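K.L.:
Below are the sequence and a predicted model; questions follow.
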Amino acid sequence: MPTLFARRYMRDGPTATERIIGVVCLLLVAAITISFVAYAVRHREPFFSVDPTHEPAAIPPELKHARSLLPESPSPGWTRQDAVALTPDQAARALADDAEKFTKAGLKRLYEGRFISRLDSKQQLTVRVADMGTPEAAKVVFDAVKPATAVGEPVGVRGWRNGDAAVGFQSGRYFSLITANNVASGATLTPQLLAREVADRQIAYDASAPTAAKPDKNDKSAAAPAAALLPTVPGGEWSPAQGVATYNPGNLWEKIDGRAEQYLAFDFEQLVFGTYRLAADSASSIDCFIYKMRDPLKAYGIFQAERSGHPESIKLGKEGYRTKSSIFFIKGKAYVQLISGEDSKATPEQFLALANAIADSIPDEGGGNWAEALFPKKDLVEGSFSFQPKNAFSLDFLNDVFAAEYEANGAHLTLFIHQAPDEAAAKKTFELYADYVPKQGKIVERAASDGGETLIADFGGEYDMIFYKGRYFGGATSASDLSAAKSRIGELREALK
């Protein structure tokens, strides 16, 4: 029987080629074994080694600052793309049409970040924080880029909001602008909410304190510091102001919660508050509110907006009136309220002496109600004279408008006037109105007139007749009788001479 080692079909031995191949394989196995043992016993370095003496690349300080100014995750579902820091030259493209306004004011650096919704990448918010070097330069940019349709927004030292699309605010030397792109209504993050997140990271420590500046006695237009607006009353009947405090657009609501929005609509800038007490009776107190607005016209606007009924007029400041327990007046950029405490025993004479002392401390910067004298007095509806600071007659291009209603023989109309910066601006407003008419009615007549142009529009039986003359834009709206409108406008145009 054949065995495993002796079978009939087995060969006698390997051929010469097979021997050579065998030797080569043995040598190869031996070489691998020797190499493996040598590698195992020698000192080995890790595949990825770090030199302990090597310093990592430092993050530039301006980039660190950008990241500190812009929150990384300001709201659930939103994330920030990496923040960047741009030099003035690099910032020109990001700032687009506003670049010159920033550079002229002295832009030092621009910090920018974009926030994207994780649910919809098309929804984006962009934050640009401009370091202007000084609070004064930041204020210049704040005013320069503020849209005509913007309203006040309580954020930072001063802020504005333009619909739901943008928010701008100043805090110390920074001016910040937050803009929205495709952000849906009801989103968890809006320009207003993001503005507050950004403002919380900015410290206005370099903003001038209200009491720091000393007024120039020769400069009647210089705004007095807060302390100077609450003077000591001559005669010694009243104590110096107590509990003095100041408020800006960002925290006005803390003092007058529920009413702050109305003041912001008239470009409120600062509230100075203090309480006076009779020296002979400390329970007799008068609270003094001095609201400083952006210009005298806005001061008149809020003064007129809060006036109701037919209170007693008094000669105080530019214009004033009194009620049983309060005195209200305007002077320059200031709207002043003096409100008596419930237990006050101050006489009318003592009250008026206090009011006169405060009025004397406020610079007279002119302005105020320049338009009322232009309006015809005949057939004027009593109490109808008004001032509309924004979106007059629901037109987003028409601001700072004085208006009054007229009624006679069953015919009614509203007469209005706006003073533009110059004739070109008045003409532009006229053209914007002409473009608006076809959306709601039709143009009946358009012709050149003395010093400008006139247009008549028919809105289904009610007429608008508008004109521009020099730097003035005005007219009559909602007129039930066209001839009556022509007569009133003729009187108004004549008064402009």
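P.N.:
Received, thanks.
K.L.:
Mind listing the strands the helix or strand harbouring Tyr335 pairs with, and their directions?
P.N.:
Tyr335 belongs to strand 334-340 when elements are defined using DSSP states H and E. Sheet pairing of strand 334-340 (DSSP bridges) gives strand 281-293 (antiparallel), strand 326-331 (antiparallel).
K.L.:
chain center to the shortest one: distance?
P.N.:
The gap between where strand 326-331 is centred and where its chain is centred comes out at 28 Å by C-alpha atoms, centre = their mean, to the nearest Å.
K.L.:
hmm, who's touching that strand?
P.N.:
296, 299-300, 303, 306-307, 311, 314, 316-322, 335-340, 351-352, 355, 359, 362-364, 368 (C-beta atoms under 8 Å, 6 or more residues apart in numbering). C-beta here means a position set from N, CA and C on the backbone, and glycine is covered the same way.
K.L.:
Name the residues of that strand that are buried.
P.N.:
Ile327, Phe328, Phe329, Ile330, Lys331 (16 or more other C-beta atoms under 10 Å).
K.L.:
now do stretch 303-312
P.N.:
Phe303, Gln304, Ala305.
K.L.:
From Ala85, how far out is the second one?
P.N.:
In this structure, Gln304 and Ala85 are 46 Å apart, going by C-beta to C-beta, to the nearest Å.
K.L.:
again with Thr190
P.N.:
Taking C-beta to C-beta, one finds Thr190 at 25 Å from Ala85.
K.L.:
More neighbours: the two, which one.
P.N.:
Ranked by neighbour count (other C-beta atoms under 10 Å), Thr190 and Ala85 place Ala85 first, with 21 against 18.
K.L.:
If we ignore the residues flanking it in sequence, what's nearest the more buried one?
P.N.:
Glu62 (3.9 Å; C-beta to C-beta, 6 or more residues apart in numbering).
K.L.:
and that neighbour, what element?
P.N.:
Going by DSSP H and E, Glu62 is part of helix 61-69.
K.L.:
C-terminal to that helix, what's the next element?
P.N.:
According to DSSP H and E, the helix or strand after helix 61-69 is strand 78-80.
K.L.:
so how far is that next one off the chain centroid?
P.N.:
Distance, centroid of strand 78-80 to centroid of chain: 23 Å (C-alpha atoms, centre = their mean).
K.L.:
Not counting its own residues, what contacts the following helix or strand past that strand?
P.N.:
With elements assigned by DSSP H and E, the helix or strand that comes after strand 78-80 is strand 84-86. Contacts to strand 84-86, defined as C-beta under 8 Å, 6+ apart, come from residues Pro60, Glu62, Leu63, His65, Ala66, Ala94, Arg109, Leu110, Tyr111, Glu112, Gly113.
K.L.:
Tell me if I'm right that Val183 and Lys122 touch.
P.N.:
No - contact between Val183 and Lys122 fails when scored by C-beta atoms under 8 Å: they sit 9.2 Å apart.
K.L.:
Just want to know which of these two has more residues nearby.
P.N.:
Val183 (21 against 10).
K.L.:
Dihedrals phi and psi, Gly106?
P.N.:
Main-chain torsions, Gly106, degrees, to the nearest 10: phi 100, psi 40.
K.L.:
before we move on, the earlier item: closest one to Ala260 among the strands paired with strand 334-340?
P.N.:
For the strands paired with strand 334-340, the distance to Ala260 is smallest for strand 281-293, at 10.9 Å, taking C-beta to C-beta.
K.L.:
Quick one: name whatever helix or strand follows that closest one.
P.N.:
Counting by DSSP H and E, what follows strand 281-293 is helix 296-306.
K.L.:
what's that next one packed up against?
P.N.:
Helix 296-306 sits against helix 260-265, strand 281-293, strand 326-331, strand 334-340, strand 386-388, with contacts defined as 3 or more C-beta pairs under 8 Å, 6 or more residues apart in numbering; DSSP states H and E.
K.L.:
Mind listing what's buried along stretch 122-129?
P.N.:
Gln123, Gln124, Leu125, Thr126, Val127, Arg128, Val129.
K.L.:
Nearest to Trp238 among the residues you listed?
P.N.:
Checking the buried residues of stretch 122-129 one by one against Trp238 (C-beta to C-beta), the nearest turns out to be Val129, at 45.3 Å.
K.L.:
Wait, a helix at the closest one?
P.N.:
No - according to DSSP: H, G, I helix; E, B strand; the rest coil, Val129 belongs to no helix; its state is strand.
K.L.:
Spit out the contact partners of it.
P.N.:
With C-beta under 8 Å, 6+ apart, Val129 has these contacts: Leu69, Leu70, Leu110, Tyr111, Glu112, Tyr174, Phe175, Ser176, Val198, Gln202.
K.L.:
switch the cut-off to 10 Å
P.N.:
65-66, 69-70, 83, 85, 109-113, 171, 174-178, 198, 201-202 (C-beta atoms under 10 Å, 6 or more residues apart in numbering).
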